[in-house]
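**Q** Show me how the following folds:
(chains A and B)
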2 protein chains.
Amino acid sequence: MIATLKFTTLLLAVVVCWATQDYGYKDVEEPTLGDSQYGSLWPLPQKVQMSTVAFKLSGASFQIVDAKESSSGASCSLLQNAYRRYDEYIFPISRMQGQNKKKAFASDVSELQVWITSADSECDSYPSVTSDESYELSVDSPVAVLKAPKVWGALRGLETFSQLVYDDEYGAKSINRTEIQDFPRFAHRGLLLDTSRHFLPIKVILANLEAMAWNKFNVFHWHIVDDHSFPYMSRTFPQLSQQGAYHPYTHVYTPSDVKMIIEFARLRGIRVVSEFDTPGHTQSWGKGQKDLLTPCYSGTSPSGSFGPVNPILNTTYDFMTMFFKEVSTVFPDAYIHLGGDEVDFSCWKSNPDIQKFMAQQGFGTDYSKLESFYIQRLLDIVTTTNKGYMIWQEVIDNGVKLKADTLIHVWKGNQQQYQAEMARVTASGYQTLLSTPWYLNRISYGQDWQAAYKADPQDFNGTDAQKKLVVGGEACLWGEFVDATNLTPRLWPRASAVGERLWSDKDVKDTNDAYSRLIQHRCRMVQRGIPAEPLFTGYCAHEYKGV
Amino acid sequence: MIATLKFTTLLLAVVVCWATQDYGYKDVEEPTLGDSQYGSLWPLPQKVQMSTVAFKLSGASFQIVDAKESSSGASCSLLQNAYRRYDEYIFPISRMQGQNKKKAFASDVSELQVWITSADSECDSYPSVTSDESYELSVDSPVAVLKAPKVWGALRGLETFSQLVYDDEYGAKSINRTEIQDFPRFAHRGLLLDTSRHFLPIKVILANLEAMAWNKFNVFHWHIVDDHSFPYMSRTFPQLSQQGAYHPYTHVYTPSDVKMIIEFARLRGIRVVSEFDTPGHTQSWGKGQKDLLTPCYSGTSPSGSFGPVNPILNTTYDFMTMFFKEVSTVFPDAYIHLGGDEVDFSCWKSNPDIQKFMAQQGFGTDYSKLESFYIQRLLDIVTTTNKGYMIWQEVIDNGVKLKADTLIHVWKGNQQQYQAEMARVTASGYQTLLSTPWYLNRISYGQDWQAAYKADPQDFNGTDAQKKLVVGGEACLWGEFVDATNLTPRLWPRASAVGERLWSDKDVKDTNDAYSRLIQHRCRMVQRGIPAEPLFTGYCAHEYKGV
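**A** The predicted structure follows:
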């Protein structure tokens, strides 16, 4: 990366930090604040060459347009929607009207031309783990050019372009001559939200998809149901949400809601991977689906409570076949997350029918064999839908036989333990995703974004071939203690740290430089309407207007 | 306290809690959830007698009115404003119009009569530490009566009345026959907000004053300036905010803003105690006031940086005299908080003029004597304004001579240390306030409201006379990591735990009962528009609508 000059003036955020004592406690390790040579870019592109020469963007004449040579044009609503969005980000105050013909000055950038270079722009496709998100951005006068093989790269480049624009000392929109070549380090850059422990209104989900796009995340891992509630409205089994949601119509996601969320995400190059976690974490399923869960026994009689999915009944597999057939059509993504974590054996152990089945199968008293039996059949069912699957690490820890393209999601243990797990999983030839260091529901006092920033999913003992099996990672915000009241500020800008780790080059790890850029990036998110919380003392030129 | 029955149906909040595993860590100690016999009352009144008999409140006819015998009536805007406010809380959906003459049914409560029993209602006064906040509430049909010696008790009783109203299974507004006698355990129940480390827009402050009233807090401790910024616009020294604020007009509190905040607080029975902390924590003061701060030396020449207020110049005391004269008129409260904490001696030590002064005064090398010298003179200055003062504990720790009515604010140390400090301070005959266990800026994963709830300011070794010197306490939300984006959900309902501790009887300490009431109280705050964060999994009937 080469960058030849600091921005002379970047007024988006001016933050004052004193080396003062504070009334709080003294465990805050404070990075040093200086101007980054990369301005407010976040996540940092792979290659940036920035000159001292600054151009102006005229609110009266600047436009984002399709390049003449582009394979995608006015008929691509994904791009047209993105132009509108980024136009509003760049010019948040209403633009002068009716002067679009005004001639640009020599020192202006009058156009950003968006040039899709591949014959198939993928404008109407869904993004996937193999989507090409690369782009090249050349900012010069009078024209800036954004070249990308596919629309996905164009979306990423538009965000980068908008981050290059700054206000000069008179408030004039300005941008420096810049050359950027960019592509993601990892193909899977996810964020998990949990809509079971608390219901999240649609607008909260949409707002966070928007913020994900600003941070170049590309997977919304929707942990949609769990023990606590079942807000997914199934067309095949409507009683699941009617009985299992917190409320049968105020606290559910209808098929239309789901469709809208998927389309909103697609327009931002974000995949929606749904998780329907079984056989544990299913208490809410049992309310609307008789005999699905295992009856627990107290001595010789049923206790009235229920355990994990009952793995010994054929009706269970009939249900799962129909249910996952629906899910596979509702969610277009090539992957489904099947969970498989934290199965509590105590209920299975208490049940005489299960005991008998264990004996018949020759499982002895090893209930992880019963769990594997269930998962194996479930995987076979899902395989018939032509979906790939993601599963939590316990499934492989317990020795279930998996398809070669299964994605193993690592979430447990301390640093040493998860690194050992990453090594084991990749040594077995499986692709993997890391989440352990990015459980953002865990909060602590002070600048905890730094710990998230320092973690690296390829930081384990393994060969180059093993490292290549790391597809990426996910930030997780489990829902025990968050809902619409506090989710967004708790997530941003802490998740931004994960966003940069997964997008930028592995050598981008200067915490001081990141701090300077992240402070500005956070103020930009606030200005765009997301209540991203402060990193430390200071202020934004445009503070959050809501309460 | 006597209570004879549970609410049969309290639909405000229905929360489902599973004894499930979670993806987070296992350090969450979860209270047991059951219905409280006290419904959603928060903080719990001193004496509650509740019957099974339920009445209805008709949206068409119910009114809050002045009792005929009341010493305060239609001319008291404090009460009339409160009636309007509580009417809207009780009937959040627009009421039927033009049917106010409709006859009430026998099973209705048609009126709440508010009866101020003392000749001087104090309607147009400011609340003070000696204000009478007691009230008696009798809910019966056709009339409920709220008796209070002063308007302050009426405000508290109106809040309690609104908390008694619940929706029956058909959504009809209902209230049980109830008798309540209530008064606060402590006279000073404060909340500290810090507008220096981050600027808080007026609407954030007003929203939190509103929430304070719902939790029967009565002191807004406004830590208005500090090292980081000086947003207080002084009429006498306008350059202080012009130079010292984050921005000279977007990030300041004008005299009109301050006036509005004080009046908004007064209407809710809340005192506004301003803090102008010196001689430390004053970096921002130095920008607009030449020679106020001590020049630090590096060897034999000034280093260019500055330390605490310069205590050896007469100009310092001239400035403080004029400044606190203004402050004493702008803030009507009888107390000013003068700070006095965390004075760093290193700059004083480096300065040859200070060294000379120390020698002249015979202070040797004991810089705490110099600090005391400064504070003593400052206290003399403030005494001439006829204000009382509050100071942080360091001032008394350092042996400064204080007026007998000084309030000592304890904030340091662990439990053992702060309890020892409370014992020392009260043994010396001083009144005291506790904040150490209520530094709510400190966050941790899980239900940390419980720790705040369990702390008790009278829990130290001392005589009854010493215990009586405990005037109350304050929850503190220092501003390092909060601004408009995240302050409100981070504060509520965690501060509510402190609210109950300071209002209710000392024997109110059943965490399970508190949990049940607090969950409902939290949903009520959400319904009234404050994004109070969830305590644990579950839901509110009316979720937060903002993002």
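**Q** Which neighbouring elements make contact with the helix or strand that contains A:L518?
**A** Assigned by DSSP states H and E, A:L518 belongs to helix A:511-527. Other elements packing on helix A:511-527 under the criterion 3 or more C-beta pairs under 8 Å, 6 or more residues apart in numbering or on different chains; DSSP states H and E are helix A:202-214, helix A:449-454, helix A:494-503. C-beta here means a position set from N, CA and C on the backbone, and glycine is covered the same way.
**Q** Which is the succeeding secondary structure element to the longest one?
**A** Sequence-wise, the next helix or strand beyond helix A:202-214 is strand A:219-223, with elements assigned using DSSP H and E.
**Q** Could you tell me how far that following strand lies from the centre of the chain?
**A** Here strand A:219-223 shows a centroid-to-chain-centroid distance of 7 Å under the convention C-alpha atoms, centre = their mean, to the nearest Å.
**Q** what comes into contact with it?
**A** Residues outside strand A:219-223 that contact it (C-beta atoms under 8 Å, 6 or more residues apart in numbering or on different chains): A:188-196, A:205, A:209, A:212, A:261, A:265, A:270-275, A:277, A:337, A:472, A:474, A:476, A:478-479.
**Q** now it and helix A:202-214, what's the angle there?
**A** Relative orientation of strand A:219-223 and helix A:202-214, computed by axes from the mean of the first three to the mean of the last three C-alpha atoms, to 10 degrees: 150 degrees.
**Q** picking that back up, identify each buried residue in the helix holding A:L518, please.
**A** Residues A:511, A:513-527 are the ones in helix A:511-527 that count as buried (16 or more other C-beta atoms under 10 Å in any protein chain shown).
**Q** closest to A:P248 among those residues?
**A** Of all the buried residues of helix A:511-527, A:P248 sits closest to A:M525, with 35.1 Å by C-beta to C-beta.
**Q** Which residue is the nearest non-sequential neighbour of the closest one?
**A** Closest residue to A:M525 apart from its sequence neighbours, by C-beta to C-beta, 6 or more residues apart in numbering or on different chains: A:A532 at 4.1 Å.
**Q** For the one you found, grab the count of nearby residues.
**A** A:A532 has 29 neighbours, counted by other C-beta atoms under 10 Å in any protein chain shown.
**Q** Now do the same contact list for it.
**A** Residues counted as contacts of A:A532 (C-beta under 8 Å, 6+ apart) are A:211, A:488-489, A:492-493, A:496, A:522, A:525-526, B:485.
**Q** Spatially, which two of these are the most separated?
**A** A:S496 and B:T485 (13.8 Å).
**Q** More neighbours: which of these two?
**A** Counted by other C-beta under 10 Å, A:S496 and B:T485 do not tie: A:S496 has more neighbours, with 30 against 26.
**Q** Would you mind giving me the confidence score for the more buried one?
**A** Confidence at A:S496, expressed as pLDDT, is 98.
**Q** Excluding chain neighbours, give the residue nearest to it in space.
**A** Spatially, and ignoring its direct neighbours in sequence, A:S496 is nearest to A:N215 (5.0 Å; C-beta to C-beta, 6+ apart).
**Q** what ranges do the helices span in the stretch 301-450 of chain A?
**A** Taking DSSP state H, counting those that start in this stretch as the criterion, the stretch 301-450 of chain A carries its helices at A:314-330, A:346-350, A:352-361, A:367-383, A:394-397, A:415-427, A:449-454.
**Q** Need the ones you listed in CSV (columns: distance to B:I90 and mean pLDDT).
**A** Formatted as CSV, those follow (distance: least, C-beta to C-beta, whole Å; pLDDT from 0 to 100):
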stretch, distance to B:I90, mean pLDDT
helix A:314-330, 43, 98
helix A:346-350, 46, 97
helix A:352-361, 53, 97
helix A:367-383, 51, 94
helix A:394-397, 51, 92
helix A:415-427, 52, 97
helix A:449-454, 43, 97
